[in-house]
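Enquirer: Next come a sequence and a model predicted from it.
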Amino acid sequence: MMILLLVLPLAAALLMLLWPRIAPLLALFSAAVCSFLALQLLLQVSEQGTRYWLLAGWPSGLAIAWQADTLSCLLILLTAVLQLLVGFYAFATRARDKLSQGFWPLSSLLQLSLTALWLSRDLFNLYVCLELLALVAVALVSLSGRKAIKPALNYLLLSLFGSLCYLLGVVLLYGAYGRLDIAGLVSQWQPNLLTNSALLLMSLGLMLKAALWPLHGWLPAAHAAAPAPVSALLSALVVKGPLFILCLLWLQLASTEQAQAMAPLFAGAGLAALLFGGWSALRTPFAKNLVAYSTVAQLGYATLALGLMLKFDQPLIFAALWLFVLAHALAKAACFLAIGEMSGTLGGKRLTTLKGASQTMPLAMFAFAVAGGSLIGLPPSGGFLAKWALLQGLWLQEQQLFWPLALVLATLLSAAYVFRVVVLAFDRADPVAPDFSPQVLPQWLALLPALAVWAMALFSEPLLLLLRLEAL
Amino acid sequence: MVEFSSSLNLFLATAATLVAIGVYGFIVGPEPLRRIVALNIISAGIFMLMVVLAYRSAGPDAVSTLADPVLHALVLTGLVVAVSATAFALALLARLGKTTADRPEEPGP
């Protein structure tokens, strides 16, 4: 089953290159089958416990170690489902947006590299997955034509630099311990100068790739320049890959002293991302840049949760981290699809073209508002669930007043930039007329992930239980 | 811990210098081509470090002079990744050159 999850997207991508005419059908088919398989894998793993593989039958220590725990399975399921949804959106708008043929094989390769990344527990294999992910992501950004080339090149260069930093850290660790699998390294781990510098180098590279503050400069330009379905995939999934590896490094590999020393740095960077990202989202005149800056801000929650997790070692905070990631992935996919749909139909990239959108395109605007509700953290959405878990985790520690107050401030900022769009959309006095009559199907497709993120609240108990178990 | 014969120190120093030159070039150079070259210098440094590390011995009394084959395999993989990434970056750069030649001034994002 695990093999099929990887082979199917790869085979589909290769077939699409040979036979471009049926590429959309192949992509949708492979994404649908993969979603089904991922669901099966998740059910199986949550029943029978974590599964391990040593690839190609090599002995432990030499083989590439893979592991499917509930978190990995959840992320694989998320990847496949979003891929399917965005594929449907791209298919529904293909005549209007003139999306390049390259989108289909590249999106399948994106799914492949992400699935491999969620499964892998081998530092060098993770490097290869990261590099594949970055190359595919940059190629996807460059699809939208000449204006996107410059941000794409910038993204590629920074991302390659990040990968090389990560690789140098991996080489240092291998030189000292002669192992690459995380489980093997943990058993021999000693906190010393070498492991400190390797961890810091790897974190630097991963933070650059995950666009964590203060290394987020490339993200708004790259995500805003890409076509709408690509921005949805990039914001929802691609930046989470390096974040996942960062969590593996600091939560599993690093010793307690190292983790404690790094905790304030991560928490501070997360808080700064929330404030500066929110502020930039409040100021930018372009609709897609607003959503992209909101990604920077929302990644701040995940970084903050990682920092607090390292500090307090509280399973609830770990659950909050991944709930943020899941909720943000769904909400941001909805936001980007809705904004892409609105600016495509109303004809303009500026925020002011959304004036009166609640009248001209009520469905897309509803999708944005609903997804925005989760970004703010209104109950009972996925974002609320994550924030509640984080606050509850903090309250279980004694006398923590600073962090809850900081969270309130960040929430107000995100409410401000979401309402900036909503207020403009309800300004019905002189609405911007659409260039052509709005299509209904793409708007519904944008609404689906927004509804899914609110439905997350219905499954809050099993989700929290699954993720909390993972932290122990 | 890991032991090195002193003759390898020269190679280690060279690798470190290559990485340092590359990082300097990447941070300073605003032109994309220069940055691509700088990235290649960094990766050359890292690959050299890997090749040298393959000749480390596990302890002071270990007499094995066989190179560690895993690191050599990793270098090969790394080379493939680096070559394809460089090719992609150069292709993007060529495309960028073409579009800016067509339209010298770009208004806004």
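Expert: Alright, I've got the coordinates. Residues are numbered from 1 along each chain as shown, chains lettered A, B, ... in the order given.

Enquirer: Would you agree residue A:177 is in contact with residue A:186?
Expert: No. Residue A:177 lies out of contact with residue A:186 (C-beta atoms under 8 Å); the separation is 10.3 Å. Glycine gets a C-beta too; all of them are placed from N, C-alpha and C.

Enquirer: Neighbour count for the two, which is higher?
Expert: residue A:177 (19 against 13; other C-beta atoms under 10 Å in any protein chain shown).

Enquirer: quick one: what helix or strand has residue 85 in it?
Expert: No chain was given, so I picked chain A. Element membership of residue A:85, judged by DSSP states H and E, is helix A:70-92.

Enquirer: Chain B, not that one
Expert: Judged by DSSP H and E, residue B:85 forms part of helix B:69-102.

Enquirer: Average pLDDT for that helix, rounded please.
Expert: Averaged over helix B:69-102, pLDDT sits at 88.

Enquirer: Is there proximity between stretch A:43-57 and chain B?
Expert: No. Stretch A:43-57 stays clear of chain B (C-beta under 8 Å from any C-beta of the partner chain), getting no nearer than 12.7 Å.

Enquirer: Mind listing what's buried along that stretch?
Expert: Buried residues in stretch A:43-57, counted by 16 or more other C-beta atoms under 10 Å in any protein chain shown: A:45-46, A:51, A:54.

Enquirer: Any chance of a markdown table for these, columns secondary structure?
Expert: A markdown table is the format used below for those (DSSP: H, G, I helix; E, B strand; the rest coil):
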| residue | secondary structure |
| --- | --- |
| A:45 | helix |
| A:46 | helix |
| A:51 | strand |
| A:54 | strand |
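
Enquirer: which pair in those residues spans the largest distance?
Expert: Farthest pair in these (C-beta to C-beta) is A:46 and A:54. Separation: 22.6 Å.

Enquirer: Okay, the residue nearest the centre of chain B and residue A:135: tell me how far apart.
Expert: Nearest to the mean C-alpha position of chain B, by C-alpha atoms, centre = their mean, lies residue B:43 at 0.4 Å. To residue A:135, residue B:43 is 15 Å away according to C-beta to C-beta, to the nearest Å.

Enquirer: which SS class is the closest residue to residue A:317 other than its chain neighbours?
Expert: Nearest non-adjacent residue to residue A:317, counting by C-beta to C-beta, 6 or more residues apart in numbering or on different chains: residue A:393, 3.9 Å away. With three-state DSSP as the basis, residue A:393 sits in helix.

Enquirer: Residue A:393 contacts residue A:314, correct?
Expert: Yes. In this structure, residue A:393 is within contact of residue A:314 by C-beta under 8 Å, at 4.6 Å.

Enquirer: which residue ranges form the strands in the stretch 1-150 of chain A?
Expert: A:51-54, A:65-68 (DSSP state E, counting those that start in this stretch).

Enquirer: same question but for the stretch 201-350 of chain A, I mixed them up
Expert: Counting by DSSP E, counting those that start in this stretch, the stretch 201-350 of chain A contains no strands.

Enquirer: Tell me the residues of it that contact chain B?
Expert: Within the stretch 201-350 of chain A, the positions near chain B by C-beta under 8 Å from any C-beta are A:221, A:224-225, A:286, A:289, A:349.

Enquirer: least trustworthy position among those, going by pLDDT?
Expert: residue A:349 (80).

Enquirer: Excluding chain neighbours, what is closest to that residue?
Expert: Residue A:349 sits nearest to residue A:286 (C-beta to C-beta, 6+ apart), 5.3 Å away.

Enquirer: Look at residue A:355 and report its pLDDT.
Expert: pLDDT recorded at residue A:355 is 81.

Enquirer: contacting residues for the residue in the stretch 301-450 of chain A that chain B sits nearest to?
Expert: Here the stretch 301-450 of chain A gets closest to chain B at one residue, residue A:349, 7.9 Å apart by C-beta to the nearest C-beta. Listed by C-beta atoms under 8 Å, 6 or more residues apart in numbering or on different chains, the contact partners of residue A:349 are A:286-288, A:343, B:109.

Enquirer: again, only this time at 7 Å
Expert: Residue A:349 sits next to A:286-288, A:343 when contact means C-beta atoms under 7 Å, 6 or more residues apart in numbering or on different chains.

Enquirer: and residue A:416, how many neighbours does it have?
Expert: By other C-beta under 10 Å, the residues close to residue A:416 number 14.

Enquirer: quick check, it in a helix?
Expert: Yes. Applying three-state DSSP, one finds residue A:416 inside a helix.

Enquirer: Not counting its neighbours along the chain, what's nearest it?
Expert: Excluding the flanking residues, the one nearest residue A:416 by C-beta to C-beta, 6+ apart is residue A:282, at 5.7 Å.

Enquirer: wait, what's in contact with that neighbour?
Expert: A:416-417, A:420.

Enquirer: Closest one of these to residue A:334?
Expert: residue A:417 (15.6 Å).

Enquirer: Isn't the residue nearest to residue A:349 up against residue A:348?
Expert: No. Counting by C-beta atoms under 7 Å, residue A:286 does not reach residue A:348; the two are 9.6 Å apart.

Enquirer: Provide the count of other residues in contact range of residue B:76.
Expert: Residue B:76: 11 surrounding residues under other C-beta under 10 Å.

Enquirer: Could you measure from it over to chain A?
Expert: 12 Å (C-beta to the nearest C-beta, to the nearest Å).

Enquirer: I'd like the distance between that residue and residue A:314.
Expert: Residue B:76 sits 43 Å away from residue A:314, taking C-beta to C-beta as the criterion.

Enquirer: still on that earlier bit, let's see if you can find the most crowded of the residues of the stretch 201-350 of chain A next to chain B.
Expert: In these, the most neighbours by other C-beta under 10 Å go to residue A:225, 26 neighbours.

Enquirer: List the contacts of that residue.
Expert: Residues near residue A:225 by C-beta under 7 Å, 6+ apart: A:141, A:144, A:147-148, A:151.

Enquirer: Kindly recompute the last result at 6 Å.
Expert: By C-beta atoms under 6 Å, 6 or more residues apart in numbering or on different chains, residue A:225 lies in contact with A:148, A:151.

Enquirer: try residue A:220
Expert: A:289, A:292-293.

Enquirer: burial count for the closest residue in space to it that isn't next to it in sequence?
Expert: Nearest non-adjacent residue to residue A:220, counting by C-beta to C-beta, 6+ apart: residue A:292, 4.1 Å away. Using other C-beta under 10 Å, residue A:292 has 30 other residues around it.

Enquirer: can you check the one 3 residues further on too?
Expert: By the other C-beta under 10 Å criterion, the neighbourhood of residue A:295 contains 27 residues.

Enquirer: That one and residue A:236 touch, don't they?
Expert: No. Using C-beta atoms under 6 Å, residue A:295 is not in contact with residue A:236, being 8.9 Å away.

Enquirer: And the closest residue to residue A:149 other than its chain neighbours, how close does it get to residue A:394?
Expert: Excluding its sequence neighbours, the residue lying closest to residue A:149 (C-beta to C-beta, 6+ apart) is residue B:96, at 4.6 Å. Plainly put, residue B:96 is 47 Å away from residue A:394 if you go by C-beta to C-beta.

Enquirer: Settle it for me: which of those two has more neighbours?
Expert: A direct count of neighbours by other C-beta under 10 Å for residue B:96 and residue A:394 places residue A:394 higher, at 20 against 17.

Enquirer: So that one sits against residue A:403, correct?
Expert: Yes. Using C-beta under 6 Å, residue A:394 is in contact with residue A:403, at 5.4 Å.

Enquirer: beta partners of the residue nearest to residue A:349?
Expert: residue A:350 (DSSP bridges).

Enquirer: Tell me how far it lies from residue A:343.
Expert: From residue A:286 to residue A:343 the distance is 9 Å (C-beta to C-beta).
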